[in-house]
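[1] Build the 3D model from these lines:
(chains A, B and C)
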Amino acid sequence: MAASLSCSAEQLASLFGPNTTNAAAAAEYICGQFSTVSNKFVDTAYAVDSTYLLFSAYLVFSMQLGFAMLCAGSVRAKNTMNIMLTNVLDAAAGGLFYYLFGFAFAFGAPSNGFIGRHFFGLKEMPSSSFDYSYFLYQWAFAIAAAGITSGSIAERTQFVAYLIYSSFLTGFVYPVVSHWFWSADGWASAGNTGNLLFGSGVIDFAGSGVVHMVGGIAGLYGALIEGPRIGRFDHSGRAIALRGHSASLVVLGTFLLWFGWYGFNPGSFAKILSPYTSGNYYGQWSAVGRTAVTTTLAGCTAALTTLFGKRIISGHWNVTDVCNGLLGGFAAITAGCSVVEPWAAVICGFVAALVLIGFNRLAEKVKFDDPLEAAQLHGGCGAWGVIFTALFATEKYVNEVYPGKPGRPYGLFMGGGGRLLGAHIIQILVIIGWVSATMGPLFYALHKLNLLRISEDDEMAGMDMTRHGGFAYVYEDDAHKNGLQMRRIEPSPGPNPI
Amino acid sequence: MASLSCSVEQLAPLLGPNTTTAAAAADYICGQFSAVSNKFDDAAHAIDSTYLLFSAYLVFAMQLGFAMLCAGSVRAKNTMNIMLTNVLDAAAGGIFYYLFGFAFAFGAPSNGFIGHHYFGMKEIPSPDFDYSMFLYQWAFAIAAAGITSGSIAERTKFVAYLIYSSFLTGFVYPVVSHWFWSSSGWASPTNKDNLLFGSGVIDFAGSGVVHMVGGIAGLYGALIEGPRIGRFDHEGRAVALRGHSASLVVLGTFLLWFGWYGFNPGSFLMISIPYKSGYYYGQWSAVGRTAVTTTLAGCTAALTTLFVKRILSGHWNVLDVCNGLLAGFAAITSGCSVVEPWAALICGFVAALVLIGCNKLAEKVRYDDPLEAAQLHGGCGMWGVIFTALFAREKYVNEVYPGKPGRPFGLFMGGGWSLLAAHIIQILVIIGWVSATMGPLFYILRRLDLLRISPDDELAGMDLTRHGGLAYAYDDDDTHIKGNQSERRELRPTRTSN
Amino acid sequence: MAASLSCSAEQLASLFGPNTTNAAAAAEYICGQFSTVSNKFVDTAYAVDSTYLLFSAYLVFSMQLGFAMLCAGSVRAKNTMNIMLTNVLDAAAGGLFYYLFGFAFAFGAPSNGFIGRHFFGLKEMPSSSFDYSYFLYQWAFAIAAAGITSGSIAERTQFVAYLIYSSFLTGFVYPVVSHWFWSADGWASAGNTGNLLFGSGVIDFAGSGVVHMVGGIAGLYGALIEGPRIGRFDHSGRAIALRGHSASLVVLGTFLLWFGWYGFNPGSFAKILSPYTSGNYYGQWSAVGRTAVTTTLAGCTAALTTLFGKRIISGHWNVTDVCNGLLGGFAAITAGCSVVEPWAAVICGFVAALVLIGFNRLAEKVKFDDPLEAAQLHGGCGAWGVIFTALFATEKYVNEVYPGKPGRPYGLFMGGGGRLLGAHIIQILVIIGWVSATMGPLFYALHKLNLLRISEDDEMAGMDMTRHGGFAYVYEDDAHKNGLQMRRIEPSPGPNPI
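    Predicted coordinates:
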């Protein structure tokens, strides 16, 4: 920040020369003033950047509300309480675990390339590199990953299994991945000061791989090991749509996710007061705006592609499909949002919609059941986003967003060679490998211990009734009929929950 | 930034010949000051971009508000349809506004009628426009289309919807916003050479540009389609076709209120502009005042509606209060930045009465608008434009539109008739332009049989016939038993009368 | 802000000495530049702080939406319209009353320690101490207090009673309390420059006492005087849960409140650009971030505690209980959020959950019926929060957040002695006393005038039907049965409200 505003008293004193009564003192006086000014600029930058980061964190947090509503609307009414509880606990348990060790694993510098080891329980925070607001921002990211997975295994998972995998994912699996790609110490980080992978590092700006693929692949394993919901595939093996109970909640959730994505992608700059050339209109604030624009365009294109694609395939104009398509576009652009041109975002969204449709077809073929399409959407479109970035990253933007190392590789189609693509393929492979090696065994162990899937009776009756103290909705009221309301409305035979 | 201008020529002679190298010393000192000045530029860019981006996000949240408001205000059988239109407003609007909408609206330099630069965001960012400005204006554009979709809800073919929405967001609205908001617009208050009536139109955040355009477009659509089946009975009496969920209406209304804080105060675009440097009163105060006037107008309108409706209908009706609230907001939008808080009370009070009056009139002439959008946004928007011409305060007008002293201001504040004349011109040209573009469009669609759905579809509900099923599935017994969910039965068989 | 950037022309001139041609002019020239710089910093600070405060105010406003959804979901379907209307009117009527005199009573300095008496109707605003954005922020707080109370008396209160108490609470009771503890003139304010209560004043940073206890105790009196809802306790006096009609709305509301709490607690700093040592990474921005973190952790811990506590007690994993526990944690941390360590927030949340469970048990014992648990949650956990602050406030943070008076007392357990605890116990007592002395008689008078509780018939049928023009939901549609929809769905015999 203070680079250009460096007043040197010696230099100035020699310029004043011996004839000035007290040249040294005068120079020092003036330079003292400038150093005050310089400090004030530092203060201003901290205040502006913190404001920016905090409000971005709040927006990302609102995605948790979006997930809750999206999930609630996408499951059947009898499992609504269950899925909403998991979403609330994602945030709550995630908050504790990420505070205790998740953040330390992810960003605890100085450390090795594999895992961090400082800042447990926010010790030594704030430091000159990390402030509380950064923790809050990263926490909001961590709970998003767990939220993705909860969608894949909805409607048939025991609540205890949920608590276990969620803590493990937020507290260990996800932080380690984010350390690799986002911490300055990470072995594949684009900000690694020592040894860049393929001379480039991985440009996964806001986490198509780190967040979406991790969440999606974890969900894939969960859903695979549990098997499909009862009734999802009929005797002859044909897929039957088990429709969610409320499209209004789906649309509400989708829009909230869209709203929150403006914190997710543009917020990942973490700072906004960084000029590229001081005094120029073009600076990081423009890059932030561009990121918001590419995000918007990718989602919009994906939504429209899905609309027409699904219209041709199914004959309906289907709003829930459009919502999923939209989110597919967002999940894909997340990796490259800051380093591609707006027109490339249109391509990104277009392909993302096709990827999602393709994966959904495939899932039906292999009888894979994911109530939220989370594995297909976040896993599939996330992987496409990682590759897309390696193809379309612009030289200029890559150097602006990841400064200090000129001559970085950039997108293959933009003439930047294949090294970035190499790094990104490595990223996809290691994420798949790591999540398979951690979450796969975990789900399998839970399965073997009979802690994973609920009983068939519970599944038919719905978990809300059997586990969560009653249904989510009570629209009718017996009082109307009987004239007196003396019996319990609550259908559950269990003890009184209040 | 003008005042921080250190001049070497001025400073060098002051240091004089006795200083060893006076010129160099002066150069050195002034170099420092120019670095300081640049840093202030950077800070201002960062602060203003942060402000504008988060305002844009808030305005975007209004799209969610519209979706929920519309969904709650229609019958359950058309919920999927109306929500899809709202999602596509945003998505299609994003693409069209990117490709040419923004260019038509703000492509300077241009003629007074239409812009012709920045197609596909070429040459952006420029010193005049950054990406964040595009994002902000896009959020405005989709709001206009959202208004119209309410008027023609529950009976319009989806294809017609796609066509008019693209046309409105891509052409009709951008041209209007060019006239009144672009610095080259013929009626813009920032037009450098030739102000309309020496004043230009003060439509700060768009009571005319956004709300009237959306409302009048809806008026033509609804007029040409005619009322929904069952809206008026055999004897011509109005029958209320109530929306299916008041909760969604209230949710939508509050979200719109929330978003309006981006809409009105955000329209300043910049917050770090002092009116007098070093003084507590600056553009930040004007921004705060705008938020206050917006709040007070909405609050007054809500209370007025509450009591008037109580007298007229005998009920305390929350849906009416919500519409009244929005009417107050639509009205204050034009003058929010240039009136005193007490004037906002008058604005809201009259807006509520205007809405009630327009609604009575609509019933008389058998005009059916499920969301009251034409009455609310068209009628109250018009009142807002006139209100501004009556109550704009001299001091605020000159602060908000600086650089041209002696501007006309509100008639009742002693500012003469010029502003009112300009605003009446605005109302007339908006009505004329929208009539000349959207009227024929809707008429052609009707002639081509693309506008209104068949009576069978209308009775069954579009969700069932066009959108792949109803929005809600609270009970799901049959899916378990029959294993086939292609057939739909009624949602809630338990209660037949309420 | 400008304290340290004070260039003295005399000093500098004497340093340049007589040999410089025009030392005085040179010094004045340079110092003139610095004073421009200093002014620009003032401008920047106003812009940044206003941006921060305004967006925080918008977040706090979104809590009103959260309250509306939480309340709507927690009552039975037949009273949804009623409760949502009260929430809309809280905001609307609160806006008017707080504008006319509430803000004046609360912050109208200079004044006595009991009540303010300036700025009626925002006269003399903006001033150097208060800008419009501050009014907006405080208004959002005031309506939150009224929103709390409305939950306690839900489902059985006449709408007129609601209008009366809400205006009285927002316009008088709450402003007076906030004057005592938050205005610089308040007799117990920690910012009082003259005479600090116990040499300390009350550290109720964001209002566990001022907002939550006031709202909760007002609700307590209302609910006590009205008595429980019909059917809440059966013949033998056992409690029967009258479950709310939609858990989705409860979760939606809870998340929105969580989202808004990031404006409530961190936003209460009102300024973010305040360095503690200029040029250092650690400043008020860190304190703001820390406040957001403590808030998050307290809520998260409370949610998890409630989850397991309730599981043990009732055998269910209950999402609505978890939501209430979460809010209990937030209500408790609100007082001390800025002056405690993150680990203390974990303790705060843990105890808050137990307090809430305990008070709920107690309420059942004494047959106290509060549909939203508002008195227990906001009153009980709020009181715990006030005490918690007096126990765990850290010396360093207390001095940073309340600067200018070294040697302040701080938390008892942190070694700061008992004086803070003394002040906080006084706070609890006077709040209970004041609210009892104002709201108690008001509710009693309403009761005596037969204006408080609705008739038994109305209560059985639901207020929506009898008072608010019909039910909130219309999911079924006669068209399905009759093939033609010609009759009115609306159950009300009154005139058509639309």
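
[2] Can you classify residue A:12 as helix, strand or coil?
    Of the three states, residue A:12 takes helix under DSSP: H, G, I helix; E, B strand; the rest coil.

[3] Report the mean per-residue pLDDT for stretch A:413-423.
    Stretch A:413-423 carries an average pLDDT of 91.

[4] What residues sit buried inside it?
    Buried residues in stretch A:413-423, counted by 16 or more other CB atoms under 10 Å in any protein chain shown: A:414, A:416, A:419, A:420, A:421, A:422, A:423. All C-beta spots, glycine's among them, are computed from the backbone N, C-alpha and C.

[5] and the spatially closest residue to the fifth one that is not a sequence neighbour, how many residues sit next to it?
    The shortest distance from residue A:421 to any residue other than its chain neighbours is 4.0 Å, reached at residue A:390 (CB to CB, 6 or more residues apart in numbering or on different chains). For residue A:390, the count of nearby residues is 29 (other CB atoms under 10 Å in any protein chain shown).

[6] And for residue A:411?
    The burial count assigned to residue A:411 is 25, neighbours taken as other CB under 10 Å.

[7] Over to residue A:184?
    A count of neighbours around residue A:184, defined by other CB under 10 Å, yields 16.

[8] ok, now which ones touch it?
    By CB atoms under 8 Å, 6 or more residues apart in numbering or on different chains, residue A:184 lies in contact with A:109, A:191, A:192, A:193.

[9] For the last one, report the pLDDT, please.
    Per-residue confidence for residue A:193 comes out at a pLDDT of 75.

[10] Determine whether the claim that it is in a helix is correct.
    No: using three-state DSSP, the assignment for residue A:193 is coil, not a helix.

[11] Redo the contacts of residue A:184 as a markdown table? Include distance to chain C.
    Putting those into a markdown table (distance: CB to the nearest CB, whole Å) gives the following:
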| residue | distance to chain C |
| --- | --- |
| A:109 | 15 |
| A:191 | 19 |
| A:192 | 23 |
| A:193 | 20 |
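
[12] For those, pick the one with the most neighbours.
    residue A:192 (20 neighbours).

[13] Please look at that one and residue A:185 and confirm they touch.
    Yes: look at residue A:192 against residue A:185 with CB atoms under 8 Å: they come within range, at 7.1 Å.

[14] Give me the common contacts of those two.
    Counting by CB under 8 Å, 6+ apart, the contacts common to residue A:192 and residue A:185 are residue A:113.

[15] returning to what we had before: looking at the buried residues of stretch A:413-423, which one is closest to chain C?
    residue A:423 (31.9 Å; CB to the nearest CB).

[16] ok, then the element right after the helix or strand that closest one falls within?
    For residue A:423, the enclosing helix or strand under DSSP states H and E is helix A:419-448. Sequence order places helix A:456-461 as the next helix or strand after helix A:419-448, per DSSP H and E.

[17] what sits up against that next one?
    Applying CB under 8 Å, 6+ apart, the contact partners of helix A:456-461 are A:78, A:155, A:156, A:229, A:230, A:466, A:467, B:480.

[18] Are any of these buried, and if so which?
    Neighbour counting with 16+ other CB under 10 Å marks A:78, A:155, A:156, A:229, A:466, A:467 as buried within these.

[19] Keep the residues you listed, but drop any that are not near chain B.
    Among the buried ones among the contacts of helix A:456-461, the residues within reach of chain B (CB under 8 Å from any CB of the partner chain) are residue A:78.

[20] so what does the helix or strand that contains the residue nearest to residue A:421 touch, helix or strand wise?
    Applying DSSP H and E as the criterion places residue A:390 in helix A:382-392. Packed against helix A:382-392 by the contact rule (3 or more CB pairs under 8 Å, 6 or more residues apart in numbering or on different chains; DSSP states H and E) you find helix A:319-336, helix A:342-365, helix A:419-448.

[21] which one of these is the most hemmed in?
    A comparison of the helices and strands packed on helix A:382-392 by mean neighbour count, using mean count of other CB atoms under 10 Å in any protein chain shown, puts helix A:319-336 on top with a mean of 31.

[22] so what does that one touch, helix or strand wise?
    Under the contact definition 3+ CB pairs under 8 Å, 6+ apart, helix A:319-336 sits against helix A:247-264, helix A:284-314, helix A:342-365, helix A:382-392, helix B:79-96.

[23] Are the last one and chain C in contact anywhere?
    It refers to helix B:79-96. No: on the criterion CB under 8 Å from any CB, helix B:79-96 is out of touch with chain C, staying 10.0 Å away.

[24] now the angle from that helix to helix A:284-314?
    Relative orientation of helix B:79-96 and helix A:284-314, computed by axes from the mean of the first three to the mean of the last three CA atoms, to 10 degrees: 130 degrees.

[25] try the third one
    Angle, helix A:342-365 to helix A:284-314, by the same axes, to 10 degrees: 40 degrees.

[26] helix or strand right after helix A:342-365?
    helix A:374.

[27] chain center to that following helix, what's the gap?
    In terms of CA atoms, centre = their mean, to the nearest Å, the centre of helix A:374 is found 13 Å from the chain centre.

[28] Does it pack against any helices or strands, and if so which?
    Going by 3+ CB pairs under 8 Å, 6+ apart, helix A:374 lies up against helix A:132-152, helix A:214-226.

[29] for the record, mean pLDDT for it?
    Helix A:374 carries an average pLDDT of 92.

[30] One more: stretch A:9-22?
    Taken as a whole, stretch A:9-22 carries a mean pLDDT of 73.

[31] Can you tell me what sits against it?
    So stretch A:9-22 is contacted by A:23-24, A:26-28, A:30-31, B:15, B:18-21, B:24-25, B:28-29, C:14-20 (CB under 8 Å, 6+ apart).

[32] Can you turn the buried part of these into a ChimeraX selection?
    Applying 16+ other CB under 10 Å to those, the buried members can be selected in ChimeraX as follows:
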select /A:23,26,27,28,30,31 /B:15,18,19,20,24,25,28,29 /C:14,15,16,17,19,20
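
[33] related to what we said a few turns ago, go ahead and name everything in contact with the helix holding residue A:390.
    In contact with helix A:382-392 (CB under 8 Å, 6+ apart) are residues A:203-205, A:208-209, A:211-213, A:216, A:331-336, A:339-341, A:344, A:347-348, A:351-352, A:355, A:411-414, A:420-421, A:423-425, A:427-428.

[34] picking that back up, can you tell me which of the contacts of helix A:456-461 lies nearest to chain C?
    residue A:467 (5.9 Å).
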